[in-house]
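S.K.: Got a predicted model here, sequence first, then my questions.
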Amino acid sequence: MANRQQTAEYTSAFETGRRYQVHPSYVWLQPIGYAFTALIFLGAGGIQSLSSIARLLPGTGASGIVLLLALGFGLLVAVYLLALLVHVLAYKRLNYVFDEKELSLYSGIVTKRRVHVPYARVQSVNHTATIIQRIVGVCTVKIETAGGSSNRGVRIPYVSLKDAEALRRDLFMRKAAVLAGEHAHVAYQAADAMASAAATEAPTPPDAVMPVPPAAQDAAAQARDTSDVGEWRGVFAGSAFEAEQESYRTGLTGKELLFSALSHSNSTVFVAMMGLVGLAPAFFSGPFVPVVIALFALIGYAIGVGSSMLAYGNFSLVRRASRIEVEHGLLQHTSSSIDIDRIQSVVIKQSFIRRLMGYCEISLGRIDSATGNEGKSSQGNTSAMTRGLTVHPFVKLDKVDGVLAQLLPEFADMPQREELSHAPRVALRRALMRRCIWQNAALYIALCCAAFQAFLASAGLWERQSDAPIASPVLAICIAVYVLCALATAASALSAVLWFKGSGFSLNRRFASICNDGLTTELITVPRQKIQSGQTRTNPFQRLAKVASLKMVTAAGTRNTATTLWDVTREDAERWLDWMVPRV
């Protein structure tokens, strides 16, 4: 007689087949954005037009100004009322349904739209909230599916915070039920009853392949002192929906938040401020130019620090059942989650400053949609998407194992940095030539500067006499360029030496790791079943040196993520290819 498998019971906070509408604030809150946009256009180009209209109407002086303001206010009210009418119609047709195998989202006034999201394809469920949305207590839920450059995810706007938390939990629960097949049964239970029942249960740790060492528990427990001073959920958010118990929670202390912001490379704001620095000499002259430049750089750095603190304020990292949840943001709040089975890689990254401080950033590679990337960066020989979901922006390097042991006990047997197989000695010579000559932009800039000087000399414009109008400033600029290029080349040489000493790869039964060291460090560990392809390649110079490059491709990002390690021995390359052969 065949064995009968016991039916798995799942409880859902949403009734199957029932249509649920978004929060009513969608009707009156969303049009505020259109009115605000109209206000910007009115302030930018409409004041002059309204002034012309006011001159054609009776009244001058104060009465004309009042009339002008009344016309502007009337225009804003008209825009808001028009948008309000449209959103009233849209609200009645905007709803979502939990079906047996998929989530369906209905929308559209004239053109009807229905989006299907199979539960089995759900990668992650995230939600974001602007400042106004946080006050009201609503957010926008985004459901990531298979990813790719053409996938933009599925968005459900203006969901109450409680419903968003329940929706996230339900999607992962129904996904587990679908994967369980015919031996799964989903029963409806009201959210309040479910939360009350969960509150009486003892927390249960996630399924782990290895026990958490006591030392790791102590190290991770020290990280529980967070800077969260109490979350403002909003007016209509509802009570927190916590149907599943937490098995691990950590965050950032106030000190960690500050130092994380101080060492964060907020390039967007910094580059914008440096653009203003370039304009400083045009407005100032004399001995105050260095002071002005330093002041602009300091302002740009301060803005970058402030924006980082706002972005990572109230940071929390939670392990709940089989998924990881990350929340952060003081003004615009962001909440992201990922199922353990969907993790493509574990990335430990150190910038130059954080390396000096002994701290690093931990992130998880995941499949993203075109507009859903938490952050993108390129470093070393890694493609654009290396950052993925940042699960801890600032953690001491010697506490990483403790954090990962409790956050990802399924990954407890990851290779350690001490197990890396390093490059042969010939790789150091090749790294110095590659970084200091062939791939050194500073060298090409210096050569262009020298060619420019030669052109001026051949044209008779380069004179050494003190009365020559072009000699002194051009010479000063060229000297500055040469000094900067020399410093950049020296930094490249130091990076090559550090790369040779610290880079390498490691393999075990379940994981592959590649470390690219240098002034910045990045260690990527990938589960074997998540590797899309592994390969080796050699160019003619590598074949002469008897070395090869390793390449590992995962599905993280929107167009896959490739990680490359240069110049390993031929024996290591053969071992890499042999490990990549599929095993049962």
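M.R.: Thanks, I have the structure now. Residues are numbered from 1 along each chain as shown.
S.K.: tell me which element the residue nearest to Val22 when sequence neighbours are not counted falls in.
M.R.: If the residues on either side of it in the chain are set aside, Val22 comes closest to Tyr158, at 4.6 Å by Cβ to Cβ, 6 or more residues apart in numbering. In short, each C-beta sits where N, CA and C put it, glycine included. Assigned by DSSP states H and E, Tyr158 belongs to strand 154-160.
S.K.: do the same with Cys515
M.R.: In this assignment (DSSP H and E), Cys515 forms part of strand 511-516.
S.K.: on contacts alone, who are the packing partners of the following helix or strand past that strand?
M.R.: Under the assignment DSSP H and E, the closest C-terminal helix or strand after strand 511-516 is strand 521-527. The contact analysis (3 or more Cβ pairs under 8 Å, 6 or more residues apart in numbering; DSSP states H and E) places strand 521-527 against strand 345-350, strand 359-365, strand 511-516, strand 547-554.
S.K.: mind listing what the strand holding Cys515 pairs with, with the direction of each?
M.R.: Strand 511-516 pairs in its sheet with strand 504-507 (antiparallel), strand 521-527 (antiparallel), by DSSP bridges.
S.K.: Any idea which of those gets closest to Val347?
M.R.: Among the strands paired with strand 511-516, strand 521-527 comes nearest to Val347, with 5.3 Å by Cβ to Cβ.
S.K.: which parts of the closest one are buried?
M.R.: 521-527 (16 or more other Cβ atoms under 10 Å).
S.K.: and what of stretch 304-323?
M.R.: Buried residues in stretch 304-323 (16+ other Cβ under 10 Å): 304-305, 307-309, 311-323.
S.K.: In helices, which of the residues you listed appear?
M.R.: Judged by DSSP state H, helices contain the following of the buried residues of stretch 304-323: 304-305, 307-309, 311-312.
S.K.: Return the member of those residues nearest to Tyr444.
M.R.: Using Cβ to Cβ, those come closest to Tyr444 at Gly304, 28.8 Å.
S.K.: surely that closest one meets Ala297?
M.R.: No: applying Cβ atoms under 8 Å, one finds Gly304 not in contact with Ala297, separated by 10.6 Å.
S.K.: now the strands paired with strand 511-516 in a markdown table, with mean pLDDT and distance to Gln439?
M.R.: Formatted as a markdown table, the strands paired with strand 511-516 follow (pLDDT from 0 to 100; distance: least, Cβ to Cβ, whole Å):
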| stretch | mean pLDDT | distance to Gln439 |
| --- | --- | --- |
| strand 504-507 | 95 | 20 |
| strand 521-527 | 94 | 17 |
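S.K.: Restricting to C-alpha, output stretch 333-340 in PDB.
M.R.: What follows is stretch 333-340 as a C-alpha-only set of coordinates in PDB (Å, rounded to 0.1, in the frame of the first residue of the first chain):
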ATOM      1  CA  HIS A 333      10.500  54.400   4.100                       C
ATOM      2  CA  THR A 334      11.500  51.200   2.200                       C
ATOM      3  CA  SER A 335      10.800  47.600   3.200                       C
ATOM      4  CA  SER A 336      12.200  44.700   1.200                       C
ATOM      5  CA  SER A 337      12.000  41.000   1.600                       C
ATOM      6  CA  ILE A 338      13.400  37.900  -0.100                       C
ATOM      7  CA  ASP A 339      12.800  34.200   0.300                       C
ATOM      8  CA  ILE A 340      15.900  32.200   1.300                       C
END
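S.K.: Please compute how far that stretch lies from its chain's middle.
M.R.: Taking Cα atoms, centre = their mean, to the nearest Å, the mean C-alpha location of stretch 333-340 is offset from the chain mean by 11 Å.
S.K.: Let me see the ranges of the helices in the stretch 451-584 of the chain.
M.R.: 471-502, 540-545, 570-580 (DSSP state H, counting those that start in this stretch).
S.K.: May I have the beta-bridge partners of Arg113?
M.R.: Here Arg113, judged by DSSP bridges, has bridge partners Ser107.
S.K.: State the number of residues packed around it.
M.R.: 10 (other Cβ atoms under 10 Å).
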